[in-house]
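Trainee: Turn this into a model:
(one chain, ligands or ions: 2)
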Amino acid sequence: MEQRINFTTQAFIFNQMGSIAAVGGISNNGIFFRKIQDETRYLRVRNLTVRSSVASKQESLQFSKVESHKLEKTVRIGVLGASGYTGSEIVRLLANHPYFDITLMTADRKAGQSIGSVFPHLATQDLPDMVAVKDADFSDVDAVFCCLPHGTTQEIIKSLPTRLKIVDLSADFRLRNVSEYEEWYGQPHKATDLQKEAVYGLTEILRTEIQSARLVANPGCFPTSILLPLIPLINAKLIEVKNIIIDSKSGVSGAGRGAKEANLYTEIAEGIHSYGVTRHRHAPEIEQGLSDAAHSKVTMSFTPHLMPMSRGMQSTIYVEMAPGVSSEDLNQHLRSFYENEEFVKLMKDDKPPHTRHVRGSNYCFVNVFPDRIPGRAIIISVIDNLVKGASGQAIQNLNLMMGIPETTGLLYLPLFP
Ligand SMILES: NC(=O)C1=CN([C@@H]2O[C@H](COP(=O)(O)OP(=O)(O)OC[C@H]3O[C@@H](n4cnc5c(N)ncnc54)[C@H](OP(=O)(O)O)[C@@H]3O)[C@@H](O)[C@H]2O)C=CC1
Ligand SMILES: CC(=O)N[C@@H](CCC(=O)OP(=O)(O)O)C(=O)O
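Mentor: Ligands and ions are numbered 1, 2, ... in the order given. As a prediction, this is how the structure comes out:
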């Protein structure tokens, strides 16, 4: 039977692998209610004693512990660039977030409009109209998702109150070396002090640094799909750092919502094409991550392709293994490295993951295959460019920065078919 419940506490049940098995709330009289995915209804879970290890009879999983958090504070969120693809994806994902409450949204050409008029799929959300950044009042905001074009972003972030926590989805604060930024982005960096403060937001790899950061540079979508499998393998010296070849494919939403001739249906449908060959601006970002892992300068070959699909990203990575290492060793290492992670999963069989298996979710699915050529392996990694490649990872990072479980509001299963 449906009922309205006022929760005082949000609770998480973990399975024995340490992953969150159920999210719910604890009512005033101490009863745990399990949240039903993607709905606002809750299922009463009986026979579960909070703070004990007794499993619920209604659950097939063996619960190992319950952690609870007081729902004391609501974090007031500003979404800069809410009329774009990543901004609107933040709004969609936050609809079910128990702590984050959107109090401010900005747009540029669409300033003055409601989110529902710009994105009818969000018309059910009761949110303030979007305003221009110059008219934005940050007095009711604690944290900001900055979903603006690179270049514009630095100056806007520089002008924000310093008490705000910021997750920047643009490329403006990702490269530590500002001269490298100038070389690849064709303009000098205009906020070099802030650059020193920024922490690169590849959550599973830099969790500790992100927790205490004020400004997080959310990674690019291609780098996310590539660095998640490669960094642990380089750290463990299981692959050679020379001759890494990466072939990546992206859905068209990766290019943003702005009208561009190159992104017309007629230019995209019924074919694929490579772009940015040898000079894509994600190359230095990927090499920065790989070099940090290797403690030496790493270079690689990277070619992105545009696919006739709205979202999704696959990176196919060709590597040379260290002497005596097999592709099964790579698989085993990644499996154990990500064993307790909710969002990075190694496939259990020998099938390649598909972009459609992670669509709309914050998951990264990975598999490793032996190449026909001895000593080489092929790694396939898929994400949704708008979720793990942008807005989902951004929420995961802000969760950490606010000291709440990082999966909060992100346990959406992929949308299939
Ligand atoms: N799309 C993706 O898959 C990914 C994108 N990113 C990065 O995230 C950022 C946002 O991308 P995305 O959402 O795709 O881009 P969109 O082009 O879809 O959206 C851009 C947003 O910024 C606003 N805007 C544009 N110019 C200005 C300006 N001069 N001043 C203030 N606001 C402005 C736009 O407002 P209006 O619509 O009103 O003009 C819109 O809200 C970019 O830096 C992008 O590179 C990162 C990872 C993945
Ligand atoms: C399909 C497409 O055009 N994709 C974008 C990458 C999207 C992304 O992650 O870009 P940022 O580095 O700006 O955040 C591109 O290739 O430039």
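Trainee: Give me the contact list for whichever strand or helix holds residue 318.
Mentor: Assigned by DSSP states H and E, residue 318 falls within strand 313-320. With contacts defined as CB atoms under 8 Å, 6 or more residues apart in numbering, strand 313-320 is touched by 221-222, 225-226, 229-230, 233, 239-240, 242-251, 254, 355, 371, 375-385, 389. Backbone N, C-alpha and C define where each C-beta goes, glycine included.
Trainee: Residue of the stretch 201-350 of the chain nearest ligand 1, please.
Mentor: The minimum distance from the stretch 201-350 of the chain to ligand 1, using CB to the nearest ligand atom, falls at residue 256 (2.9 Å).
Trainee: what number of residues lie near that residue?
Mentor: Using other CB atoms under 10 Å, residue 256 has 15 neighbouring residues.
Trainee: can I assume it is in contact with residue 84?
Mentor: Yes - in this structure, residue 256 is within contact of residue 84 by CB atoms under 8 Å, at 6.0 Å.
Trainee: count of residues packed around the residue lying closest to residue 96 once chain neighbours are set aside?
Mentor: In this structure, residue 96 finds its nearest non-sequential neighbour in residue 409, 5.8 Å apart by CB to CB, 6 or more residues apart in numbering. Using other CB under 10 Å, residue 409 has 23 neighbouring residues.
Trainee: Likewise for the one 3 residues further on?
Mentor: Under the neighbour criterion other CB under 10 Å, residue 412 is assigned a count of 17.
Trainee: picking up where we left off before, following element in sequence after the strand holding residue 318, please.
Mentor: helix 327-337.
Trainee: what angle separates that following helix from strand 313-320?
Mentor: Per axes from the mean of the first three to the mean of the last three CA atoms, to 10 degrees, the angle that helix 327-337 makes with strand 313-320 is 130 degrees.
Trainee: Helix 327-337 packs against which elements?
Mentor: If you count contacts as 3 or more CB pairs under 8 Å, 6 or more residues apart in numbering; DSSP states H and E, helix 327-337 packs onto helix 221-235, strand 344-346, strand 364-370, strand 376-383.
Trainee: Does whichever residue of the stretch 1-150 of the chain sits closest to ligand 2 belong to a helix, a strand or coil?
Mentor: Distances between the stretch 1-150 of the chain and ligand 2 by CB to the nearest ligand atom are smallest at residue 150, namely 5.4 Å. Under DSSP: H, G, I helix; E, B strand; the rest coil, residue 150 falls in the coil class.
Trainee: Correct me if wrong: it contacts residue 172.
Mentor: Yes - contact criterion CB under 8 Å: residue 150 and residue 172 qualify, at 5.0 Å.
Trainee: More neighbours: which of the two?
Mentor: Taking other CB under 10 Å, residue 150 and residue 172 do not tie; residue 172 has more neighbours (27 against 18).
Trainee: from what I can see the more buried one touches residue 217, true?
Mentor: Yes - using CB under 8 Å, residue 172 is in contact with residue 217, at 7.4 Å.
Trainee: which intervals of the chain have sub-threshold pLDDT?
Mentor: Residues of the chain meeting the criterion pLDDT under 70: 1-10, 13-22, 26-73.
Trainee: At which residues are the helices of it located?
Mentor: Assigned by DSSP state H, the helices in the chain fall at 85-94, 115-118, 152-158, 178-185, 192-197, 203-211, 221-235, 265-268, 283-294, 327-337, 392-401.
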